[in-house]
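1. dropping the sequence and predicted coords here.
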Amino acid sequence: MKSIKKEKSLVDQIISSKYTVKYDKFDLRNFKEITDANPKLKSIYEEGVEAYPPFEELHQDVFDSLYKYSPQKFEDKDIDYEYLLNSKVMDSVMQSPKYKELRLLTRLDIVNSTMGSQVVGEQVKDLVKKLSENVQEAVANAQQASKAIKGHEGEEGDEEVEASKQLSLEEAKKLLEESISEIQESVGEKEEYKIQNILGQAVTETQETSKIIQNWGLEKDPNYIKTGYQEKIKLLDKLKNSTKLKQLAEIAGRYKRWAIAQYKSKTKYGVDSLRGVTQGSDIGKLIPTESMKLQHPTLKKVFKKDLLEGNLLMYNYNHKQKESAGPIVCCVDSSGSMYGPAEIWAKAVALGLLEIARRQKRSLCVVHFSSNYSDDHLHINHFYKEDPYSLTKILDLAEYFEGGGTAFEPPLNAARKYIDSEKEFSKADIIFITDGHSAVRNNWLSQFNNWKKSKNIKLYSVLIDCVGHTDITLNEFSDEIIHLSKLNQTHFDKTASMIFKVV
């Protein structure tokens with residue numbers, strides 16, 4: 001005898017999935033660990049759940065939609081009706097053009113996915129709070145209709161059966177359908193526009209995170225690559241929330257690109273421009289009329305004679321000769337008057353020099369100076385050519401600042417010491433950046449210049465003279481002085497470009 005298969009009711013067709021984006025246990029555990037380790041994300045989560053309890057699942061949906069390689073949604077019929085509002089919000093998110101743009105940055109990238117989830121979660125929690133207030137009655141009606149349907153089908157206890165008699169089966173089904181439809185239609189054009197703007201903000205924030213990673217060279221730092229994402233996020237928050245570091249990263253990122261371009265333009269014998277016509281025996285540079293002589297029997301003999309005597313007419317070119325590729329010692333003024341744009345610019349230049357040094361396998365030493373410390377107590381950052389990239393050292397360079405007055409002798413003594421005592425710096429050039437003036441002793445000056453001449457050391461000074469400081473002392477020991485007279489981007493960029501060329 002064949003069994004009679006009972007037809008599923010409308011309620012039976014809806015499974016109890018609380019999440020709208022398909023997930024596994026790893027996804028749930030992963031996001032919980034991230035939330036627990038990120039105070040800002042945790043705060044968003046707690047505030048959202050307090051105002052709108054289903055926000056817990058919605059927050060998970062947002063992260064999964066950003067992080068997973070190929071996120072897929074449950075169909076509405078497979079989602080518990082209490083979470084249908086989440087489903088409609090996620091429909092608007094995942095169908096937005098901005099979402100596709102954001103996904104290019106976040107797919108399988110925990111750091112960027114976390115940053116994106118922060119922005120989206122912060123804004124969406126307020127949106128769903130308002131929407132939930134509008135659909136509270138619809139949700140209550142859906143709950144009542146569901147119980148009534150189950151009561152009529154004999155699936156509930158006696159109390160539920162009694163309660164269900166208030167609605168007929170047909171009335172309960174109709175009420176459930178209407179309630180679900182009302183929830184689904186709660187996200188209209190106005191809300192979709194807000195979600196589009198929210199995703200736009202997320203794109204901007206995530207792009208900023210990616211830019212910080214690039215500008216600080218984190219993708220090259222072995223320690224950063226190996227560290228857990230909790231530590232990565234803490235570090236990125238530090239870099240994003242420090243005004244000084246943000247300004248430095250922006251300028252340094254641009255200067256690094258210039259430094260790379262300058263490095264690539266340097267060739268050993270590359271042709272720069274045509275200078276004119278000269279005489280010689282280089283067949284590769286012959287002008288066309290000389291080559292034509294080979295086609296005539298008599299002129300062919302003349303050609304051979306001119307070739308032997310070096311009298312053939314040929315093009316004369318200006319050549320770029322490969323410039324010095326020795327180590328670099330960069331002395332950065334850390335006196336009180338440098339605080340602000342001048343300090344940021346000087347350190348951005350130092351980071352640009354570091355990029356050149358790394359690409360050309362050169363060592364770099366950065367000496368911070370003021371009048372506060374003697375030769376043996378100066379703060380110095382070493383970047384040896386064989387050392388791996390270290391963000392710790394770079395952040396120390398970026399954040400260190402002394403204040404105080406200006407003294408020229410201690411940093412130049414330190415530069416001399418490194419060049420004399422360390423093989424890595426035996427053929428270094430010196431970049432000296434200051435906005436001040438400091439007298440030097442005659443005996444010291446004589447000894448320093450004699451040493452510089454004996455070592456064939458080139459010293460290039462940059463005077464940030466917007467406050468009217470004189471270059472008299474700098475002239476006494478510098479091979480070239482570059483004046484930075486205005487603290488604006490045009491003068492900053494022009495001066496930085498000149499420095500990258502001389503090294």
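-> Structure's in. What do you need? Owing to the predicted nature of the structure, the values given are computational and were not obtained by experimental measurement.
2. all strands of the stretch 351-500 of the chain, in order?
-> Remark: strands assigned in the stretch 351-500 of the chain by DSSP state E, counting those that start in this stretch are 364-369, 379-383, 429-434, 459-464, 480-484.
3. tabulate these (JSON lines), appending mean pLDDT and mean neighbour count.
-> Where C-beta positions appear, they are placed from N, C-alpha and C, glycine not excepted. Formatted as JSON lines, these follow (pLDDT from 0 to 100; neighbours: other Cβ atoms under 10 Å):
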{"stretch": "strand 364-369", "mean pLDDT": "93", "mean neighbour count": "26"}
{"stretch": "strand 379-383", "mean pLDDT": "91", "mean neighbour count": "18"}
{"stretch": "strand 429-434", "mean pLDDT": "92", "mean neighbour count": "26"}
{"stretch": "strand 459-464", "mean pLDDT": "91", "mean neighbour count": "23"}
{"stretch": "strand 480-484", "mean pLDDT": "88", "mean neighbour count": "16"}
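4. which one of those lies closest to residue 120?
-> With Cβ to Cβ as the measure, strand 379-383 is the member of the strands of the stretch 351-500 of the chain nearest residue 120 (38.9 Å).
5. what does that closest one contact?
-> Around strand 379-383, the neighbours that count as contacts under Cβ atoms under 8 Å, 6 or more residues apart in numbering are 334, 354, 357-358, 363-368, 373, 393, 396-397, 400, 402, 414.
6. which of these fall in helices?
-> Secondary structure defined by DSSP state H assigns 354, 357, 358, 393, 396, 397, 414 of the contacts of strand 379-383 to helices.
7. what's the ChimeraX line that selects buried ones from these?
-> Here is the ChimeraX command that selects the buried residues among the ones in helices among the contacts of strand 379-383 (16 or more other Cβ atoms under 10 Å):
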select :354,357,358,393,397,414
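8. need the max-distance pair from the ones in helices among the contacts of strand 379-383.
-> Maximum pairwise distance in these, criterion Cβ to Cβ, is 22.1 Å, between 358 and 414.
9. as CSV, the strands of the stretch 351-500 of the chain with distance to residue 45 would be great.
-> Shown next, in CSV, are those (distance: least, Cβ to Cβ, whole Å):
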stretch, distance to residue 45
strand 364-369, 42
strand 379-383, 40
strand 429-434, 47
strand 459-464, 48
strand 480-484, 49
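10. and of those strands, who's closest to residue 108?
-> Using Cβ to Cβ, the strands of the stretch 351-500 of the chain put strand 379-383 closest to residue 108, at 32.2 Å.
11. so that closest one versus strand 364-369, what angle?
-> Strand 379-383 and strand 364-369 are oriented at 170 degrees to each other (axes from the mean of the first three to the mean of the last three Cα atoms, to 10 degrees).
12. just checking: what are the partner strands of strand 379-383?
-> Next to strand 379-383 in the sheet, as set by DSSP bridges, lie strand 364-369 (antiparallel).
13. and for the partner strand, what's in contact with it?
-> By Cβ under 8 Å, 6+ apart, strand 364-369 touches 327-335, 350, 353-354, 357, 378-383, 397, 400-402, 406-408, 410-411, 414-415, 418, 425, 428.
14. mark which of these are buried, thanks.
-> Among these, those scoring as buried are 327-335, 350, 353-354, 357, 378-381, 383, 397, 401-402, 406-408, 410-411, 414-415, 418, 425, 428 (criterion: 16+ other Cβ under 10 Å).
15. flag the shaky bits of this structure, pLDDT-wise.
-> 1-16, 133-186, 262-275, 317-325, 375, 466-468, 487 (pLDDT under 70).
16. you'd agree residue 23 is up against residue 60?
-> Yes - contact criterion Cβ atoms under 8 Å: residue 23 and residue 60 qualify, at 7.0 Å.
17. who has more neighbours, those two?
-> More crowded of residue 23 and residue 60, by other Cβ atoms under 10 Å: residue 60, with 24 against 21.
18. quick check: which element contains that one?
-> helix 55-67 (DSSP states H and E).
19. who touches the helix or strand that that helix is followed by?
-> Remark: after helix 55-67, the chain's next helix or strand is helix 84-94, criterion DSSP H and E. Contact with helix 84-94 is made by 20-21, 54, 57-58, 61-62, 65, 71, 73-74, 76, 79, 99, 120, 124, 127-128, 131-132, 135, 180, 183-184, 186-187, 191-192, 195, 199, as judged by Cβ under 8 Å, 6+ apart.
20. after helix 84-94, next one along is what?
-> Scanning forward in sequence from helix 84-94 by DSSP H and E, the next helix or strand is helix 97-106.
21. can you point out the buried residues in that next one?
-> So, applying 16+ other Cβ under 10 Å, buried residues of helix 97-106: 98, 99, 102, 103, 105, 106.
22. what about the last one, distance to residue 112?
-> The one in question is residue 106. According to Cβ to Cβ, to the nearest Å, residue 106 stands 5 Å off from residue 112.
23. got it, and the fourth one?
-> Spatial separation of residue 103 from residue 112 under the definition Cβ to Cβ is 10 Å.
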